[in-house]
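J.: Predicted model, plus sequence, below.
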Amino acid sequence: MKLTLSHLLLTALDRVLHPEVIGALINAGVLPIMLRVLEDAVRKTEAIAKSARTSALTEEEELTAEGLQELVMGVLYGVATFLHCLLLHRTSTEKIHEFEEQFRLFASSNGCRLIEKTVFALLNCCPARKEASISKAKKVTIV
């Protein structure tokens, strides 16, 4: 369900990220919601990775891990896209302050370690798909 919601969110963000809409998205609290979903998904992938270290994952756990990996990647991409568009459309000093507030919220998430935990979650949650996991982790570091 969360994976479907992340796809819907990314589609919606692609369509609505225009200068006149960004202020409404900030007021609606889109970024904090996205960060909470990302933090939750990262915690779940950490739990699956811990389970994978002690025993082999079942087929159902593998599918869950793959879905969580896609969710983590999709939501993080959405957050990065939102912040990027916010920065591009903020030209005056007062509007840059809005970007700083949103970026500060992102940077302080999960004890200021959200990106680090996200990369490790992507690398460790799907032991059977190591190449895909490494590729996704590289994309996160580039974004």
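T.: Yep, it's here. Keep in mind that what you see is a predicted model, and the values were worked out from it rather than measured. Residues are numbered from 1 along each chain as shown.
J.: for the chain, what spans make up the strands?
T.: Assigned strands in the chain: none (criterion: DSSP state E).
J.: Show me the residue at the heart of it, geometrically.
T.: Leu76 (2.1 Å; Cα atoms, centre = their mean).
J.: tell me the pLDDT at that residue?
T.: What the model reports as pLDDT for Leu76 is 84.
J.: My read is that it contacts Ala121, right?
T.: No: with contact taken as Cβ atoms under 8 Å, Leu76 and Ala121 are classed as non-touching, separated by 9.9 Å. (C-beta placed from N, C-alpha, C; glycine too.)
J.: residue ranges with poor pLDDT in the protein?
T.: Residue ranges of the chain with pLDDT under 70: 1-20, 90-91, 126-130, 133, 136-137, 140-143.
J.: Now do the helix ranked longest in it: which elements does it pack against?
T.: Counting residues, the longest helix found in the chain (DSSP state H) is helix 59-88. On a contact count with 3 or more Cβ pairs under 8 Å, 6 or more residues apart in numbering; DSSP states H and E, helix 59-88 meets helix 2-16, helix 19-28, helix 30-54, helix 93-107, helix 114-124, helix 130-142.
J.: which of the ones you listed is buried the deepest?
T.: Looking across those with neighbours counted as mean count of other Cβ atoms under 10 Å, the highest average goes to helix 114-124: a mean of 20.
J.: Measure how it sits relative to helix 30-54, angle-wise.
T.: Helix 114-124 and helix 30-54 are oriented at 40 degrees to each other (axes from the mean of the first three to the mean of the last three Cα atoms, to 10 degrees).
J.: Quickly note the distance from the residue nearest to the centre of the chain to Leu68.
T.: According to Cβ to Cβ, to the nearest Å, Leu76 stands 12 Å off from Leu68.
J.: swap in Asn124?
T.: Counting by Cβ to Cβ, the gap from Asn124 to Leu68 is 11 Å.
J.: any common contacting residues for those two?
T.: Counting by Cβ atoms under 8 Å, 6 or more residues apart in numbering, the contacts common to Asn124 and Leu68 are Thr45.
J.: correct me, but Val42 touches Ile115?
T.: No: counting by Cβ under 8 Å, Val42 sits too far from Ile115 to count as a contact (10.2 Å).
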